[in-house]
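Enquirer: predicted model, plus sequence, below.
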Amino acid sequence: MELTMTTFDKREQGFEAKFAHDEEFMFKAAARSNKLLGLWAAGQLGLGGDAAAGYATALVTDHLESRTIADVVDKVSGDLAAKGIAREQVALKLQECLHQALAQLEGDKQ
């Protein structure tokens, strides 16, 4: 007995593929925005070169699965508190970085 794929099956498969694509896109956007935020924060901390790149990379890779936006903002604002940079400023900067990351990823698709 041969099974044939129904229109419903094909549609379900299409939705699953789109969901997987969207999840991957948002993961990449979050990782890229965290890296951009990390580079900005490193600059605020007076870090340059390898130290700045290391800080930004750590912000992306540390607790990759479990870190939320609030966790990222808390980490960076904690690091920048001594520089007089408020949590709200960090949150706004992360928003800017996310918009920039989304624009970069959209550009990469073309």
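Expert: Now that the structure is in, tell me what you want to look at.
Enquirer: now Glu96: which helix or strand?
Expert: Under the criterion of DSSP states H and E, Glu96 resides in helix 87-109.
Enquirer: show me what that helix is packed up against.
Expert: helix 7-44, helix 69-80 (3 or more CB pairs under 8 Å, 6 or more residues apart in numbering; DSSP states H and E). In short, each C-beta sits where N, CA and C put it, glycine included.
Enquirer: who wins for proximity to His99 among these?
Expert: helix 7-44 (8.3 Å; CB to CB).
Enquirer: distance from the closest one to the middle of the chain?
Expert: Here the centre of helix 7-44 is set off from its chain's centre by 8 Å, with CA atoms, centre = their mean, to the nearest Å.
Enquirer: what sits against the most centrally placed residue in the chain?
Expert: Residue closest to the mean C-alpha point of the chain, counted by CA atoms, centre = their mean, is Ala30 at 1.2 Å. By CB atoms under 8 Å, 6 or more residues apart in numbering, the contact set of Ala30 is Ile69, Leu98, Ala101.
Enquirer: any of those buried? List them.
Expert: Leu98, Ala101 (16 or more other CB atoms under 10 Å).
Enquirer: of all the contacts of Ala30, which comes closest to Leu39?
Expert: The closest of these, once distances to Leu39 are taken by CB to CB, is Ala101, at 11.8 Å.
Enquirer: and Val60, which of the helices and strands packed on helix 87-109 is closest to it?
Expert: Nearest to Val60, of all those, is helix 7-44, at 4.8 Å by CB to CB.
Enquirer: quick one: mean pLDDT for that closest one?
Expert: Mean pLDDT, helix 7-44: 90.
Enquirer: quick one: the helix or strand following it to helix 69-80, angle?
Expert: Downstream of helix 7-44, the first helix or strand assigned by DSSP H and E is helix 49-61. Helix 49-61 and helix 69-80 meet at an angle of 150 degrees, taking axes from the mean of the first three to the mean of the last three CA atoms, to 10 degrees as the criterion.
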